[in-house]
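Enquirer: next come a sequence and a model predicted from it.
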Amino acid sequence: MATLELIGFGSTGWGALLLLATLMTLAVTASALAIGAVLGATISAAKLSGRASLVALGNVYTTVFRGVPELLIIYLIYFGGSSAVTSIGKAMGYEGFLGLPSFLAGALAVGIISGAYQAEVFRGAYLAISKGELEAASAIGMHRGLRFRRIIIPQVLRLAIPGLGNVWQLSLKDSALISVTGLAELMRTSQVAAGSTRQYFLFFIVGGILYLILTSLSDRVFNGAERRANRSMPTAAMGKA
């Protein structure tokens, strides 16, 4: 009974805080995935451009942010960003330390890491598109913008779904590292609950179970999206024909 009360939703329980922390974990992961999608699409386009300078820039980005430890990147973004904001504040006449918000720093850091992986996912998806489709579109006079909107984007998104699912799971686990910034996400709240109650095993097990629930539900969502995208392809092809 004491254990149930401890992790319950009553006045002395941690259940509500763990639930809020789980929602915070989802929010920061979704924000990071959106940031990473923009960066990944940009870097992928650079690597596919054929221009040596852009290809080199894209390679540097993916090599650095896939090779440097995630925790180090989070530290650099959080503390480096706070230093930059403080310097700007001093230049504008404000005295004192200005810290970068933990949520923003975490979403940016995990988003930058996610972008490096998404760039390779998008690049591989583009290279998997049948060249015959692109040639046929050009042969019927479809201009570049229309070809990009009607053929390239739908095909890239369909082919990228499995890879994006893996990137989402990676970002979900990387979000645990944001606890070092003080953000009350799932890992941080589990640590605080464990330290406050001295029930380390209990709360870390509960935290692990919540992470497993999130990853399992995420798998179902991405698998469903993949099946739906694959079912829609014959219909779309018949419509085009």
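Expert: Everything's here; your move.

Enquirer: make it CA atoms for all contacts and neighbour counts henceforth
Expert: Will do.

Enquirer: poorly predicted segments of the protein, please.
Expert: Low-confidence segments of the chain, defined by pLDDT under 70: 1-13, 232-241.

Enquirer: grab the most central residue of it for me.
Expert: Centroid check for the chain by Cα atoms, centre = their mean gives Leu33 as the closest residue, at 2.7 Å.

Enquirer: with adjacent residues omitted, what lies nearest to that residue?
Expert: Distances taken as Cα to Cα, 6 or more residues apart in numbering place Gly111 nearest to Leu33, at 5.8 Å, with adjacent residues excluded.

Enquirer: residue contacts, that neighbour?
Expert: By Cα atoms under 8 Å, 6 or more residues apart in numbering, the contact list for Gly111 reads Ser31, Ala32, Leu33, Ala34, Ile35, Gly36, Ser171.

Enquirer: could you redo the last one with a cut-off of 10 Å?
Expert: 28-40, 105, 117-118, 171 (Cα atoms under 10 Å, 6 or more residues apart in numbering).

Enquirer: check which helix or strand covers Ile129.
Expert: Assigned by DSSP states H and E, Ile129 belongs to no helix or strand.

Enquirer: that one against Glu135, yeah?
Expert: No. Applying Cα atoms under 10 Å, one finds Ile129 not in contact with Glu135, separated by 11.2 Å.

Enquirer: quick check on these two: which one has the bigger neighbour count.
Expert: Ile129 (15 against 11; other Cα atoms under 10 Å).

Enquirer: what distance do you get for the more buried one to Ser83?
Expert: 45 Å (Cα to Cα, to the nearest Å).

Enquirer: likewise Leu210?
Expert: Distance from Leu210 to Ser83, by Cα to Cα: 34 Å.

Enquirer: with Phe65 instead?
Expert: 21 Å.

Enquirer: any idea which element the spatially closest residue to Gln199 that is not a sequence neighbour lies in?
Expert: Spatial nearest neighbour of Gln199, excluding adjacent residues (Cα to Cα, 6+ apart): Ala193 at 7.8 Å. Counting by DSSP H and E, the element that carries Ala193 is helix 186-197.

Enquirer: report the buried residues of that helix.
Expert: Leu186, Met187, Arg188, Thr189, Ser190, Gln191, Ala193, Ala194 (16 or more other Cα atoms under 10 Å).

Enquirer: same thing with stretch 56-67?
Expert: Counting neighbours by 16+ other Cα under 10 Å, stretch 56-67 gives Gly58, Asn59, Tyr61, Thr62, Phe65, Arg66 as buried.

Enquirer: and what of stretch 132-147?
Expert: Neighbour-count burial for stretch 132-147 [16+ other Cα under 10 Å]: Leu134, Ala137, Arg147.

Enquirer: from what I can see the first one touches Leu146, true?
Expert: No. Taking contact to mean Cα under 10 Å, the distance of 11.2 Å between Leu134 and Leu146 leaves them out of contact.

Enquirer: what residues are shared contacts of the two?
Expert: With Cα under 10 Å, 6+ apart as the test, Leu134 and Leu146 both reach Ile152.

Enquirer: against which helices or strands is the one helix or strand Leu57 maps to packed?
Expert: Taking DSSP H and E as the definition, Leu57 sits inside helix 52-67. Counting contacts by 3 or more Cα pairs under 10 Å, 6 or more residues apart in numbering; DSSP states H and E, helix 52-67 packs against helix 15-48, helix 102-127.

Enquirer: now do the shortest one: distance to the chain's middle.
Expert: In other words, helix 102-127. Distance, stretch centre to chain centre, for helix 102-127: 6 Å (Cα atoms, centre = their mean, to the nearest Å).
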